[in-house]
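> Could you work out the structure for the sequence below:
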Amino acid sequence: MTSYFVDSAGPLSAILLAVLALSVWFDVSEQRIPNWITAGGLVVALLLRGLVGPEALGVGVLGGAIGFSLGILLFAVGAMGAGDGKLLATVGAFMGLDAFLRCLPLVGAFGGLLALASTAKNGTLIPTLLRFRELALYCVTFGRIGERRTLAMPGSVTIPYGVAVAAGAATAWVSWGLTL
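Numbers count the residues shown, from 1 in each chain. Below is the predicted model of the structure:
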């Protein structure tokens, strides 16, 4: 698919960065990301892509759909909050399919760093790593060995994953430039 470079990228970048900043603020201060941020950002991203043309809109819809699917999956297994998942959909719509897929490893890396910092700060790094080992065993043995943990279980470490989504998206956006 063709990417269209937008000469006046300032407004679109400002909107994305505002969505990310608001998401971080709410996720850190209230442990939730309101729907008006994620849904509003999704609508604005798709409207702006629609102004560029149907191909740009299609790429945004695909990016949003992949983000939403991934978010729903991670929420369903208890690995992520619903607001974080919806933020993935919004970021996917802003970035488009290709850039969003390239952005996901950055989101994961920032999430891992945030989790390590959080567990090191509260003194639970070693128990968390041991629980992760159990989860990895559970996954690779299809549930025969190990334990599947969720965010709702006692002792689970929760982090404001919207921070990781925002950090990965902002890093990708700034590094690769704005294309629609």
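
> What sits closest to residue 103 if chain neighbours are left out?
Leaving aside its sequence neighbours, residue 103 sits nearest to residue 172 (CB to CB, 6 or more residues apart in numbering; 4.0 Å). For glycine as for every other residue, the C-beta is placed from the backbone atoms N, C-alpha and C.

> Can you get me a residue count around that neighbour?
Counted by other CB atoms under 10 Å, the residues lying close to residue 172 total 20.

> how close does residue 82 get to residue 114?
18 Å (CB to CB, to the nearest Å).

> one step back: doesn't residue 106 make contact with the residue nearest to residue 103?
Yes: counting by CB atoms under 8 Å, residue 172 does reach residue 106; the two are 5.6 Å apart.

> hmm, who's touching the helix or strand of the chain with the lowest mean pLDDT?
Ranking every helix and strand in the chain by mean pLDDT, DSSP states H and E puts helix 125-140 at the bottom, with a mean of 77. The contact list for helix 125-140 (CB atoms under 8 Å, 6 or more residues apart in numbering) reads 115, 116, 119, 145, 146, 147, 148, 149, 155, 157.

> Show residues contacting the helix or strand where the third one lies.
Taking DSSP states H and E as the definition, residue 119 sits inside helix 97-121. Contact with helix 97-121 is made by 1, 3, 59, 62-63, 66-67, 70, 88, 91-92, 95, 125, 128, 157, 159-161, 163-165, 167-169, 171-172, 176, 179, as judged by CB under 8 Å, 6+ apart.
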